[in-house]
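[1] Below are the sequence and a predicted model; questions follow.
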Amino acid sequence: MSQVANRLAGIQEYYFSKKLREIEQLNNEGKRIINLGIGSPDLPPDPSVIAVLEDESRKPDVHGYQSYKGAPPYRKAISDWYSKWYGVQVDPNKEVLPLMGSKEGIMHICMTYLNPGDQVLVPNPGYPTYASNVALTGAVSVTYALTEENDWEPDFGQLEKQDLSKVKLMFVNYPGMPTGKAASKVLFEKLVDFARRHKILLVHDNPYSFILNQKPISLLSIPGALEVAIELNSLSKSHNMAGWRLGMLLGAEQRILEILRFKSNMDSGMFLPLQLAGAKALSLGRQWHDQVNEVYSARRKKVEELLDLLACEYSKSQVGLFMWASIPSRYRDGYELADEVLYGANVFITPGGIFGSEGNRYIRISLCGDISRFEEAIGRVKEMQGKR
């Protein structure tokens, strides 16, 4: 029997992949689990976006292979979107690379730049995919702590004390997942300065900037950022198109060409009608984002009610698709609270520890789901607590 490659040593199945199998089993047993853990938008894209996909798909000449660099209309729409919302000017022909979702881009970047033994600064807590992709290349993740005491920002004083000579990349993510920490110009200026002085390539993951956030900001808006940074973005959350797998990577022309060397060996381009529909989505105005955020705002009030019921503490300044909250002292960690709610109330919430050790005393709840689901979850938790 063939054995798995050494590169998979230490790489575990993605937490949600494993947990969803358990939830499926519990549902088969009649438990009717309410899943409040995963950030998969349940609202549809704008009808005009779906109409473009339908209309373009009927054309006979759109079903072949597409350019590895993406369709010009989609690249142009990305460039225009960045100019309109972020105040960032990028050349659609040289500084934009469409992706099948930004998660794909994380792997492309790691495979393009990392050799075994290279080091990468990875946030703790942070998106688990950063560390797993680094490990697949044979490089080493060096975590940097994000703490509530430091307002979920890197401790630059602590980073400066470290040996950074082998650090090649640094992953950053603002608005933060899972912490909900909003981006700021001051923070981004510090990051760009840090990267420039230490010759580190910043990789900014920016898919949450439109959710419950009135001031979207791009790292690339900072002067000189294009020289030291790459930014990933996505239509998954901002336009309710997670399953469409439409994302983007922006950076200097040389970076785009370098990453394209790897990417062009991994896929054969995206379905053209998808890209044209993505271009339509990116042309939507403030009204679109306002109506989406109106829904999320109502849901967030219910999530806050649930967190209050669980005696958790949280900041109301959070932005993004989730609520991040610290747990009561009586629980050993977020896993214990999450399991209590799962097995006692048939409600799944995410333990913060899956995002790193700094998340051990936190939980995360997704804002994805109809109001009625949150109300039912609240009722179930109340019932569980009444049985104590």
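    Good, I have the coordinates. Numbers count the residues shown, from 1 in each chain.
[2] Spatially nearest residue to residue 288 (excluding sequence neighbours)?
    Distances taken as CB to CB, 6 or more residues apart in numbering place residue 46 nearest to residue 288, at 5.9 Å, with adjacent residues excluded. Every residue, glycine included, has its C-beta placed from N, CA and C.
[3] and what of residue 68?
    residue 264 is the one closest to residue 68 (CB to CB, 6+ apart), at 4.4 Å.
[4] Could you tell me how far the one you found is located from residue 246?
    In this view, residue 264 and residue 246 are 18 Å apart by CB to CB, to the nearest Å.
[5] in this protein, which spans are helices?
    For the chain, the helices defined by DSSP state H occupy 15-28, 47-57, 72-81, 102-113, 128-136, 156-160, 185-198, 225-228, 253-263, 272-282, 286-309, 334-345, 371-386.
[6] Residue 264 and residue 246: who's more crowded?
    Each of residue 264 and residue 246 has its neighbours counted (other CB atoms under 10 Å); residue 246 has more, 27 against 13.
[7] That one is in contact with residue 278, isn't it?
    Yes: between residue 246 and residue 278 there is a contact under CB atoms under 8 Å: 4.3 Å.
[8] which neighbours do those two share?
    Common contacts of residue 246 and residue 278 (CB atoms under 8 Å, 6 or more residues apart in numbering): 98, 235.
[9] gap between the lowest-mean-pLDDT helix or strand in the chain and the chain center?
    Using mean pLDDT, DSSP states H and E, helix 15-28 stands out as the lowest-scoring helix or strand of the chain, at a mean of 82. Chain-centre distance of helix 15-28: 22 Å, with CA atoms, centre = their mean, to the nearest Å.
[10] residues contacting the spatially most central residue of the chain?
    Centroid-nearest residue in the chain: residue 207, 5.5 Å away (criterion: CA atoms, centre = their mean). With contacts defined as CB under 8 Å, 6+ apart, the neighbours of residue 207 are 102, 232, 233, 234, 236, 237, 238, 247.
[11] again with residue 82
    88, 89, 90, 218, 220, 250.
[12] how near is the spatially closest residue to the last one that is not a sequence neighbour to residue 306?
    Right, the one you point to is residue 250. Spatial nearest neighbour of residue 250, chain neighbours left out: residue 231 (4.9 Å); criterion: CB to CB, 6+ apart. Note on residue 231: its distance to residue 306, by CB to CB, is 33 Å.
[13] and these two? which has more neighbours close in?
    Neighbours were tallied for residue 231 and for residue 306 using other CB under 10 Å; the higher tally belongs to residue 231 (26 against 23).
[14] Settle this for me: the more buried one is touching residue 249, isn't it.
    Yes: applying CB under 8 Å as the test, residue 231 and residue 249 come out as touching, 7.3 Å apart.
[15] Confirm for me that residue 131 is in contact with residue 125.
    No: with contact defined as CB under 8 Å, residue 131 does not reach residue 125; the gap is 11.1 Å.
[16] neighbour count winner among those two?
    The residue with more neighbours, out of residue 131 and residue 125, is residue 125; 26 against 21, by other CB under 10 Å.
[17] How confident is the prediction for the more buried one, by pLDDT?
    At residue 125, the model reports a pLDDT of 98.
[18] didn't it look like it was pressed against residue 364?
    No: with contacts defined as CB under 8 Å, residue 125 does not count as touching residue 364, sitting 9.1 Å away.
[19] Would you mind grabbing the residues shared as contacts by the two?
    Common neighbours of residue 125 and residue 364 (criterion: CB under 8 Å, 6+ apart): 178, 352, 355.
[20] And the last one, how far from residue 326?
    Yep, that's residue 355 we're talking about. As for residue 355, its distance to residue 326 is 14 Å (criterion: CB to CB).
[21] same deal with the first one?
    Remark: distance between residue 178 and residue 326 (CB to CB) = 12 Å.
[22] again with residue 351
    Relative to residue 326, residue 351 is positioned 12 Å away (CB to CB).
[23] ok, those two, which is more surrounded?
    Legend: neighbour count by other CB under 10 Å for residue 351 and residue 326, higher for residue 351 (24 against 17).
[24] show me the contacts for that one.
    Residue 351 makes contacts with 333, 334, 335, 337, 338, 359, 363, 364, as judged by CB under 8 Å, 6+ apart.
[25] Let's have the residues you listed in CSV, adding neighbour count and pLDDT.
    As requested, the contacts of residue 351 are exported to CSV (neighbours: other CB atoms under 10 Å; pLDDT from 0 to 100):
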residue, neighbour count, pLDDT
333, 17, 97
334, 25, 96
335, 17, 94
337, 24, 97
338, 24, 95
359, 24, 97
363, 30, 98
364, 26, 97
